[in-house]
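Trainee: Turn this into a model:
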Amino acid sequence: METLIAKIKTRKVLVPLIGVMVGLAGGFAYYHFIGCSSGSCAITSNPWLSMLWGASVGYLIADMFSGRSKKPVENNEI
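Mentor: Down below sits the predicted model:
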């Protein structure tokens, strides 16, 4: 039983972490291959900002697949 709990906890951490890493790589790739050469683009002219946005998007996408169960909200209206 404890190994099942450990697997679930590992998945809740590992999946978003992988999403962040893929997002970082994707953000840097976008900066390197497509980025803004004139410097007038706020995000794509700076590799750090591009990687930050990529990591954020990667986390949000991976968080959808992390396997967290949502508890139903009870309606206690009178």
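
Trainee: buried ones in the biggest helix by length in the chain?
Mentor: Counting by DSSP state H, the longest helix found in the chain is helix 2-33. Applying a neighbour-count criterion of 16 or more other Cβ atoms under 10 Å, one finds 15-16, 19-20, 22-24, 26-28, 30-31 buried in helix 2-33. From N, CA and C alone the C-beta is placed, and that goes for glycine too.

Trainee: on contacts alone, who are the packing partners of it?
Mentor: With contacts defined as 3 or more Cβ pairs under 8 Å, 6 or more residues apart in numbering; DSSP states H and E, the packing partners of helix 2-33 are helix 47-63.

Trainee: contact partners of the helix it packs on?
Mentor: Under the criterion Cβ atoms under 8 Å, 6 or more residues apart in numbering, residues 15-16, 18-28, 30-32, 35, 42-44 lie in contact with helix 47-63.

Trainee: Send me it as CSV with only the CA atoms.
Mentor: Coordinates of each C-alpha in helix 47-63 appear next as CSV, following Å, rounded to 0.1, in the frame of the first residue of the first chain:
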residue,chain,number,x,y,z
PRO,A,47,16.2,34.3,-23.6
TRP,A,48,15.4,34.4,-19.9
LEU,A,49,11.9,35.8,-20.4
SER,A,50,11.2,33.4,-23.2
MET,A,51,12.3,30.5,-21.1
LEU,A,52,10.2,31.7,-18.2
TRP,A,53,7.1,31.9,-20.4
GLY,A,54,7.9,28.4,-21.8
ALA,A,55,8.3,27.0,-18.3
SER,A,56,5.0,28.5,-17.2
VAL,A,57,3.1,27.1,-20.1
GLY,A,58,4.8,23.7,-19.7
TYR,A,59,3.8,23.6,-16.1
LEU,A,60,0.2,24.5,-16.8
ILE,A,61,-0.1,21.9,-19.5
ALA,A,62,1.6,19.2,-17.5
ASP,A,63,-0.5,20.0,-14.4
